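Student: Any chance you could fold what I've pasted below:
(2 chains)
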Amino acid sequence: MSDQSESLFHALSDSVVGMDEDRTRQLSLQAVNQGVDALSAIEHGLVDGMNRAGKFFETEEYFIPELLLCSDAMYVGLDILRPHLKQSENQVRHKIVMGVVEGDTHDIGKNLVKIMLEASGFEIVDLGRDIPPQRFVDEAVKVQASVIALSTLMTTTMDGMAEVIQLLHQANLRGRFKVIVGGGPISQSFASRIGADGYAAGAPAAVKLVKQLVGVAA
Amino acid sequence: MKRDHLTPAERFAAYQRGEPLDRLPCVPIVGNTAARVVGVKVSAFRGNGRLIADAQIAAYRRFGYDVIRIFTDLYTQAEAMGAKIHYPADETAYLAAPAITSVEEIASLQPADPRRDGNLPQHLEAMERTLQAVGQEVSVNGALTGPFTTASFLIGTEQLVRLTLKNPAAVHQLCEVACQGALVYAGAILDTGCTPSLTDAMCSTTVISPRQFKEFGQPYLQRLVDFIHGRGRSVTLHICGKTAPIWEAMADTGADCLSIDNAADLETAKLKVGHRVRLMGNVAPSEIMLQGTPAQVREAVRACIRKAGNNPKGLVVASGCSLPVETPFANIDAMLDAVREIGWPIRREALN
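Tutor: Model (predicted):
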């Protein structure tokens, strides 16, 4: 890549880390106008910035407010750059059906995981919050998902996670999807006990987990 | 099992004065689990102060712990200010929709009237009844949600945390009205004779940064602590999740006791702020109290006391947060029994 586009990617990445929506918009338009490769601008600019933000989050330099504003900037850029992707670059991506299980409306944790997974190139089908177990199964079948991701902050709704897995077994679908769980009251031992494929303690860890489970390079 | 020799009130008084006592104070934080003690559905508590009181009294008598906390969920004040709360038949309530959706609407919010709005009157009634029944022997607390957390229920958490960076003035405006509501409610709790105990879940560094806590959490908490101190009561402050970076600031609010979540370490807390505040905590509510065995509960209690039994300002052995509704009674009993076995002064040999 040229030095010029490389410095543009750096600037894009910095504008995401810097939570600067206006600058990200301006730089993304600049990339389009200059005919810079959209995929590279996304990967080396926007996504790079979001990954750096994720690292700051892990080291507790950034917290949820910062991460959300970084993602706002990233999405502004994605909206501008995605229409300029070449057809072949819109390859089939792994789909993840995710949501907060029925009985809970705490969804910030789920949203952070969604942001980081989207930044990592996964396609997210976000069902939202307060979702009955059967809907996870139905949607996963419908969109041919690779992964079902379940979130909760309330202990009262943990049983709903186990129920999703039971429903998959009953429908002979368990082998078709990886199921991951997360949220405040969830632990690895709970995940193992209900027969989930994985547990992650936070959004960046969830990305590593999903990559491992679906077998894409980290 | 060994019986207690002191009432909870006598135990706290003796502990405070450094006099002999039978065991450390112990508080498995029983909220809606009390419904299971009297065999009612959780939703039966809604709007029924008498039932909340009956259940809390029965739970206290059943387990023999050291503080009664009148608590069903964190939304009581926000509900009284317009947030929509969903009450499942037999589970803890949750936020269905915030009171407002835009910054422009903040000005329309009013502090709640605790004698009229939402379920505040019923909670006050529960406090009055409980105090009347057992207030001679045990301290009865009324749960008071912190202003930043109530603000998150008023406008929605995600919007609130975005505003902390984009429009700090709006966040202060929200916290101010939530704080005014909390002050009035705290006054009403104190008028019943109960003591407000503060929870500010959203102030956790799991959510916001220490800098944001100092800007949006601490000043409002401090006003509440000052107010309660002004009425001659000491205050416990609970913040869920990670809190290590804000322990000093939590102590700076003037709170007398910090209740520490299991996401934080009691020993580190002791070394950092134990000379300033009593510590309360921190057996994991979900992993140990709900899902663990009595043996695991006992080991967790021993670990808490090994870490902070010698805290300069004292330790209250407790769950890290409110107990899940379905926590097995055997695990609650195990928590108390373990504390009884270890005794006071601590029997070292019982700690291993």
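Student: Going by C-alpha atoms from here, please, whenever you check contacts or count neighbours.
Tutor: Fine.
Student: so what's residue B:300 up against?
Tutor: Residues in contact with residue B:300 (CA atoms under 8 Å, 6 or more residues apart in numbering or on different chains) are B:283, B:288.
Student: and the gap between it and residue B:257?
Tutor: 21 Å (CA to CA, to the nearest Å).
Student: Can you give me the neighbour number for residue 67?
Tutor: Unless you meant another one, I'm taking chain A. 22 (other CA atoms under 10 Å in any protein chain shown).
Student: wait, chain B
Tutor: 21.
Student: In contact with it, which residues?
Tutor: B:8, B:27, B:138-141.
Student: now it: how far from residue B:101?
Tutor: Residue B:67 is 37 Å from residue B:101, by CA to CA.
Student: Local confidence estimate at residue A:92?
Tutor: On pLDDT, residue A:92 comes in at 67.
Student: Please see if stretch B:194-213 touches chain A.
Tutor: Yes - Stretch B:194-213 lies within reach of chain A by CA under 8 Å from any CA of the partner chain, at B:205-209.
Student: meant to ask about stretch B:220-240, not that
Tutor: No - judged by CA under 8 Å from any CA, stretch B:220-240 and chain A are separated, with a smallest distance of 10.0 Å.
Student: so residue B:247 touches residue B:273, yeah?
Tutor: Yes - contact criterion CA atoms under 8 Å: residue B:247 and residue B:273 qualify, at 6.8 Å.
Student: Now for residue A:80, how many residues are close by?
Tutor: Neighbours of residue A:80 (other CA under 10 Å): 18.
Student: Would you confirm that it belongs to a helix?
Tutor: Yes - counting by DSSP: H, G, I helix; E, B strand; the rest coil, residue A:80 is found in a helix.
Student: I'd say it and residue A:28 touch.
Tutor: Yes - contact criterion CA under 8 Å: residue A:80 and residue A:28 qualify, at 6.4 Å.
Student: what pLDDT does residue 172 get?
Tutor: Unless you meant another one, I'm taking chain A. pLDDT for residue A:172: 96.
Student: nope, chain B
Tutor: 98.
Student: Just the buried positions in the strand or helix carrying it, please.
Tutor: Element membership for residue B:172 (DSSP states H and E) is helix B:168-192. For helix B:168-192, burial by neighbour count (16 or more other CA atoms under 10 Å in any protein chain shown) applies to B:168, B:170-190, B:192.
Student: what's the next secondary structure element after that helix?
Tutor: Counting by DSSP H and E, what follows helix B:168-192 is strand B:195-199.
Student: So residue A:35: helix, strand or coil?
Tutor: Strictly by three-state DSSP, residue A:35 counts as coil.
Student: now it: how far from chain B?
Tutor: 33 Å (CA to the nearest CA, to the nearest Å).
Student: Tell me the confidence at that residue?
Tutor: 94.
Student: can I assume residue A:97 sits in a helix?
Tutor: No - counting by three-state DSSP, residue A:97 is not found in a helix; it is strand.
Student: That one contacts residue A:131, correct?
Tutor: No - in this structure, residue A:97 is not within contact of residue A:131 by CA under 8 Å, at 11.5 Å.
Student: what about those two, which has more around it?
Tutor: More crowded of residue A:97 and residue A:131, by other CA under 10 Å: residue A:97, with 26 against 19.
Student: what does whichever strand or helix holds residue A:160 contact?
Tutor: Here residue A:160, judged by DSSP H and E, is contained in helix A:158-170. With contacts defined as CA under 8 Å, 6+ apart, helix A:158-170 is touched by A:101-102, A:132-134, A:136-137, A:150, A:152, A:174, A:179, A:181, A:186, A:194-196.
Student: what about that helix, distance to the chain center?
Tutor: Centroid separation for helix A:158-170 versus its chain: 22 Å, with CA atoms, centre = their mean, to the nearest Å.
Student: same deal with stretch B:291-310?
Tutor: Worked out by CA atoms, centre = their mean, stretch B:291-310 lies 20 Å from the chain centre.
Student: quick one: strands adjacent to the helix or strand of chain B with the lowest mean pLDDT?
Tutor: Every helix and strand in chain B was compared by mean pLDDT, DSSP states H and E; the lowest is strand B:94-97, with a mean of 94. According to DSSP bridges, strand B:94-97 forms sheet pairs with strand B:84-86 (antiparallel).
Student: Could you list the residues of chain A in contact with chain B?
Tutor: Counting by CA under 8 Å from any CA, the positions of chain A adjacent to chain B are A:62-66, A:68-69, A:103-105, A:108, A:155-156, A:185-187, A:190.
Student: which ones are touching residue 115?
Tutor: The chain I'm using is chain A. Counting by CA under 8 Å, 6+ apart, residue A:115 touches residue A:71.
Student: ah, I was thinking of chain B
Tutor: Residue B:115 neighbours (CA under 8 Å, 6+ apart): residue B:121.
Student: redo that, cut-off 10 Å
Tutor: B:121-125, B:185, B:188 (CA atoms under 10 Å, 6 or more residues apart in numbering or on different chains).
Student: with the residues you listed in mind, which one is nearest to residue B:337?
Tutor: Of all these, residue B:337 sits closest to residue B:123, with 30.3 Å by CA to CA.
Student: mind checking how far the closest residue in space to that closest one that isn't next to it in sequence is from chain A?
Tutor: In space, and not counting its chain neighbours, residue B:123 is closest to residue B:49: 5.6 Å by CA to CA, 6 or more residues apart in numbering or on different chains. Taking CA to the nearest CA as the measure, residue B:49 falls 23 Å from chain A.
Student: Next up, the contacts around residue B:49.
Tutor: Per CA under 10 Å, 6+ apart, neighbours of residue B:49: B:55, B:70, B:119-130.
Student: for residue A:52, same thing?
Tutor: A:13-14, A:16-17, A:46, A:58, A:70 are the contacts of residue A:52 under CA under 10 Å, 6+ apart.
Student: Give me the buried entries from the residues you listed.
Tutor: A:13-14, A:16-17, A:46, A:70.
Student: Would you agree residue A:112 is in contact with residue A:66?
Tutor: No - counting by CA atoms under 10 Å, residue A:112 stays clear of residue A:66, with 11.2 Å between them.
Student: Find the residues that touch each one of these two.
Tutor: Listed contacts common to residue A:112 and residue A:66 are residue A:54; contacts here mean CA under 10 Å, 6+ apart.
Student: if you count what's nearby, which of those two comes out ahead?
Tutor: Neighbours per residue (other CA under 10 Å) separate residue A:112 from residue A:66, with residue A:66 holding more: 24 against 20.
Student: what stretches of chain A score poorly on pLDDT?
Tutor: Counting by pLDDT under 70, chain A shows low-confidence ranges at A:1, A:87-92, A:217-218.
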